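Asker: 3D, please:
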Amino acid sequence: LVIKHRAESFGKFVNVAVLEGDRIKIVDAAGANIPDCPEVLKSLLGSEWPARADAPANVLVLLAASMRAHGRGGALLVVPSGTETWRDSIVAPVTYAVDPPFNGLAEILATPEDADSHEWQDDLRRAVDAIAGLTAVDGATLVSDRYELLAFGAKITRRRGNPPVERVLMTEPIEGSAKTEATPAQLGGTRHLSAAQFVHDQTDAMALVASQDGRFTIFKWSPCEGIVHAHRVDALLL
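Answerer: Below is the predicted model:
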């Protein structure tokens, strides 16, 4: 059972509480105020929801929800556009490289003036579901921060010369939840470990990881803490 309310200033519903069996999770909106909070988390908490559905944070929310909905687990890596440094953390050759990058989603987002039409919204939903569906393929899916599809089925490897990631900072925007340090293995399986390593090596990237059991984690480098920050957000995606 999920309790939501409409955030009038944003025109969206945001989660207030989640009841799972005998567990009650009360969403802590103050989680948006933590240092280095990703924009996608701020959007999920309703503290900073852009006016249009084509805004980057909203697209990441849609991708996260679609990844969680297909139920097969997956990893989406978001890397800066115009750079190739992400290749240092991917096993070569890439199993399914997309060259030139597929920009179907980017082209839809390039026409925000049509965002109020059903056709535009349907096209956006199909494009989002198509990319999210690729995350079900074994390996990671890579997109640029302009939402160009770069590769899928990619195998993550530790960047040469970099140490393995041993600890991550873990938080969940739930009242009573404490900030803790943990090993990536404590968060989940291979996807979580490899995603944490990728962000550890590529500090300007972000990783979204869905588990088959419904858990969802956003990995982002925290300059303030000097560590990979794992944001647990599955309670916000219901």
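Asker: give the buried residues for stretch 114-131.
Answerer: By neighbour count on 16 or more other CB atoms under 10 Å, the buried set for stretch 114-131 is Ala115, Trp120, Asp123, Leu124, Ala127, Val128, Asp129, Ile131. Every C-beta, even on glycine, is put in place using the N, C-alpha and C of the backbone.
Asker: ok, Thr85 - contacts?
Answerer: Counting by CB atoms under 8 Å, 6 or more residues apart in numbering, Thr85 makes contact with Val79, Gln202.
Asker: for this structure, which segments count as strands?
Answerer: 2-7, 12-20, 23-26, 74-79, 96-102, 140-144, 149-154, 168-171, 180-182, 206-210, 216-222, 227-232 (DSSP state E).
Asker: what's the average pLDDT for the fourth one?
Answerer: Which is strand 74-79. Averaging pLDDT along strand 74-79 gives 97.
Asker: can you check stretch 154-170 too?
Answerer: The average pLDDT for stretch 154-170 rounds to 95.
Asker: what's next to it, contact-wise?
Answerer: With CB under 8 Å, 6+ apart as the test, stretch 154-170 has contacts from 75, 77, 88-91, 94-96, 139-142, 179-184, 187, 193-198, 200-202, 219, 222, 225, 227-230, 232.
Asker: just the buried residues of those residues.
Answerer: Neighbour-count burial (16+ other CB under 10 Å) is assigned, among the contacts of stretch 154-170, to 75, 77, 89-90, 94, 139-142, 184, 187, 193-198, 200-202, 219, 222, 227-230, 232.
Asker: next, work out how far apart Ala130 and Gly104 are.
Answerer: Noted for Ala130: a distance of 8 Å to Gly104, by CB to CB, to the nearest Å.
Asker: same deal with Arg23?
Answerer: 40 Å.
Asker: same thing with Ser117?
Answerer: For Ser117, the distance to Gly104 equals 17 Å [CB to CB].
Asker: helices and strands around the lowest-mean-pLDDT helix or strand in the chain, which ones?
Answerer: One helix or strand of the chain scores below all others by mean pLDDT, DSSP states H and E: strand 2-7, with a mean of 81. In terms of contacts (3 or more CB pairs under 8 Å, 6 or more residues apart in numbering; DSSP states H and E), strand 2-7 is packed against strand 12-20.
Asker: tell me what the strand it packs on is packed against?
Answerer: Packing partners of strand 12-20 (3+ CB pairs under 8 Å, 6+ apart): strand 2-7, strand 23-26, helix 234-237.
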